[in-house]
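> Need the 3D shape of this:
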Amino acid sequence: MKSFLSGMAIVMLMAAPVAAETRYDRNLEKAVVDIVARKMGNIRGGFSYKQIPQLVMLPVSRPPTMTA
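Numbering: from 1, shown residues only. Model prediction:
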């Protein structure tokens, strides 16, 4: 029983750093995105950094039909 409890304690100690998460600051991320987008300027092309690009579906072309 002692070995089981000590084994469980070791497993819990090993799992503790995995459960700890890094603090995430969304305001910092937004500031970084704004600064980087400003510095990139015209390199990015025609889209604004706030615009979400939309996917364009090309029309499906049909194979030519054989006429007799």
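
> which residues of this protein score low on pLDDT?
For the chain, the stretches with pLDDT under 70 are 16-22, 41-48, 53, 64, 67-68.

> in it, which residue is closest to the centre?
residue 29 (12.8 Å; CA atoms, centre = their mean).

> With just CA atoms, put the lengthiest helix in the chain into CSV.
Counting by DSSP state H, the longest helix found in the chain is helix 2-19. Extracted as CSV, the C-alpha positions of helix 2-19 are listed here (Å, rounded to 0.1, in the frame of the first residue of the first chain):
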residue,chain,number,x,y,z
LYS,A,2,2.9,2.4,0.8
SER,A,3,4.4,1.8,-2.6
PHE,A,4,1.0,2.5,-4.3
LEU,A,5,0.6,5.8,-2.5
SER,A,6,4.2,6.8,-3.1
GLY,A,7,3.8,6.0,-6.8
MET,A,8,0.6,8.0,-7.0
ALA,A,9,2.4,11.0,-5.2
ILE,A,10,5.2,10.8,-7.8
VAL,A,11,2.7,10.7,-10.7
MET,A,12,0.9,13.7,-9.2
LEU,A,13,4.2,15.7,-8.8
MET,A,14,5.1,14.9,-12.4
ALA,A,15,1.7,16.0,-13.8
ALA,A,16,1.6,19.3,-11.9
PRO,A,17,3.8,21.3,-14.3
VAL,A,18,1.7,20.0,-17.2
ALA,A,19,-1.5,21.4,-15.7
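
> same for the very next helix or strand once past it, what does it pack against?
Per DSSP states H and E, helix 2-19 leads on to helix 26-40 as the next helix or strand towards the C-terminus. Applying 3 or more CB pairs under 8 Å, 6 or more residues apart in numbering; DSSP states H and E, we find helix 26-40 packed against no helix or strand. (Each C-beta comes from the backbone N, C-alpha and C, glycine too.)

> From the rest of the structure, what touches stretch 27-35?
Taking contacts as CB atoms under 8 Å, 6 or more residues apart in numbering, the residues outside stretch 27-35 that touch it are residue 49.
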